[in-house]
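Participant: Sequence plus the predicted model coming up.
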Amino acid sequence: MKAIKLQQINGISTVDIIKTVTENPQTGALLPEIRSRNRVLRALEKNASTDELRLEDADHQTLVNALNAFRFGRASTDLETIADDIIGAASV
């Protein structure tokens, strides 16, 4: 299981980044991928009012894959910090 710190840095929130990359597959998605992404979204809904999102390892990998495949419309160090926090989430 992985723990992702939910934070906001200069108007960029971890929750918004997770929702954006998970809900918007860049090349479309087959049903199994949709189901995997929806597991991440359901976990986020359950934990959105906390300061930490806990994901099973497979769900974390789904999120990391979605994050790495997503083409962002802007670049910033704040976005990079949040992305690195997601990718490098601690095991719990």
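Facilitator: Everything's here; your move.
Participant: Only C-alpha atoms from now on, for both contacts and neighbour counts.
Facilitator: Noted.
Participant: Tell me how far the spatially most central residue of the chain lies from residue 11.
Facilitator: In the chain, the residue lying closest to the centroid (Cα atoms, centre = their mean) is residue 18, at 3.2 Å. Noted for residue 18: a distance of 14 Å to residue 11, by Cα to Cα, to the nearest Å.
Participant: try residue 3
Facilitator: Distance of residue 3 to residue 11, given as Cα to Cα: 22 Å.
Participant: rewinding a little: contact partners for the residue nearest to the centre of the chain?
Facilitator: Counting by Cα atoms under 8 Å, 6 or more residues apart in numbering, residue 18 touches 63, 67.
Participant: Begin at 35 from now on, thanks
Facilitator: Renumbered: residue one is now 35, and that last one reads residue 52.
Participant: what pLDDT does it get?
Facilitator: Per-residue pLDDT puts residue 52 at 97.
Participant: A strand includes it, no?
Facilitator: No - counting by DSSP: H, G, I helix; E, B strand; the rest coil, residue 52 is located in no strand; its state is helix.
Participant: From residue 101, how far out is it?
Facilitator: Distance from residue 52 to residue 101, by Cα to Cα: 8 Å.
Participant: now residue 38
Facilitator: Applying Cα to Cα to residue 38 and residue 101 gives a distance of 14 Å.
Participant: Also residue 45?
Facilitator: Here the criterion is Cα to Cα. By it, residue 45 lies 19 Å from residue 101.
Participant: More neighbours: these two, which one.
Facilitator: A count of neighbours by other Cα atoms under 10 Å puts residue 101 above the other of residue 45 and residue 101, at 20 against 10.
Participant: if I look at residue 58, how far off is residue 37?
Facilitator: Using Cα to Cα, residue 58 is found at 23 Å from residue 37.
Participant: and if you look at residue 53?
Facilitator: 16 Å.
Participant: Between these two, tell me which one has more neighbours.
Facilitator: With neighbours defined as other Cα under 10 Å, residue 53 and residue 37 compare such that residue 37 has more, 20 against 16.
Participant: which secondary structure element contains the more buried one?
Facilitator: Take DSSP states H and E as the rule and residue 37 turns out to sit in strand 36-39.
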